[in-house]
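J.: Build me a structure from this.
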Amino acid sequence: FGSVSAREVQQVSSDPAEWVVKTFFQPGPLSRVAVSGPAGFKGWEATREKPDSTFVLKDLPAGKQLAANTSSALATLLGYAQASDVLTKAQKEKLDRKDSRTAELTTFDGMTYKLTLTPLPVDAATPPPPAGPDGAPPSTGNYAVEAQVAGTYVEAPPAAGAKKPEEMTEDEKKADAEAKAAARKTWEEKLAAQQALAAHTFKVAAYTVEALWKTGTEV
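T.: Down below sits the predicted model:
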């Protein structure tokens, strides 16, 4: 074993949270987002037809439209998200889920994420924030996120201008089949990795899931 310099020792953080790998869920482009909550919470559902199209709110009230900032936030949701920490078993058992909300995310390639978001208690020295719209519980700055991940593979549609099978040579058909098989294998490996992450309960900053904490009125 090599020796460790004093400088390297000084660079090691004394905060255990800094030792945690910050890997979080990376669902990819979403086709559907649905949010529900406890009794009295105004839930909502938004969908889009293509990865580059705009989200549309289901059952949109007359004279209303999905807020532009909400649509933009959903389009990039969890794209670069990181966890702040991983909750211990004891911390998970103490979660008060009476104000928890559930978000169901569906990707274009067939993965589904069911996330349970639970506000974490504020520090005793920090004044509690005001309640949100529609009587929603306030954001404390951090949430516990629990997840269930499943999926059924959905093959990507052919690119614009791509040859049809009957137009391909035998070599092109072979290359196309190999590319599709590789894409499916990559998807299956990602699904397994995301399901492995779901074994943990994560602590995340409010801004990471802010779009999912809005009520139907806010969106």
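
J.: which stretches of this structure have low pLDDT?
T.: Residue ranges of the chain with pLDDT under 70: 1-22, 123-140.

J.: which helix is the longest one in it?
T.: Ranked by residue count, the top helix of the chain under DSSP state H comes out as helix 170-197.

J.: Neighbours of the closest residue to residue 27 other than its chain neighbours, how many?
T.: Excluding its sequence neighbours, the residue lying closest to residue 27 (C-beta to C-beta, 6 or more residues apart in numbering) is residue 107, at 5.2 Å. Using the backbone N, CA and C atoms, a C-beta is placed for each residue, glycine as well. Neighbour count for residue 107, taken as other C-beta atoms under 10 Å: 18.

J.: wait, doesn't residue 107 sit right on residue 25?
T.: No: between residue 107 and residue 25 there is no contact under C-beta atoms under 8 Å: 10.8 Å.

J.: tell me which element the closest residue to residue 26 other than its chain neighbours is part of?
T.: Using C-beta to C-beta, 6+ apart and skipping the chain neighbours, the partner closest in space to residue 26 is residue 78 (6.4 Å). Applying DSSP states H and E as the criterion places residue 78 outside every helix and strand.

J.: ok, now how distant is residue 194 from residue 109?
T.: Per C-beta to C-beta, to the nearest Å, residue 194 is found 12 Å from residue 109.

J.: so what's the residue nearest to residue 27 bridging to?
T.: residue 30 (DSSP bridges).

J.: which ones are touching residue 165?
T.: 173, 176 (C-beta atoms under 8 Å, 6 or more residues apart in numbering).

J.: Please report the distance of residue 78 from residue 197.
T.: Applying C-beta to C-beta to residue 78 and residue 197 gives a distance of 12 Å.

J.: Name the residue in the two with the higher neighbour count.
T.: residue 78 (21 against 16).

J.: Was I right to think that one contacts residue 24?
T.: Yes: if you go by C-beta under 8 Å, residue 78 and residue 24 touch, sitting 6.9 Å apart.
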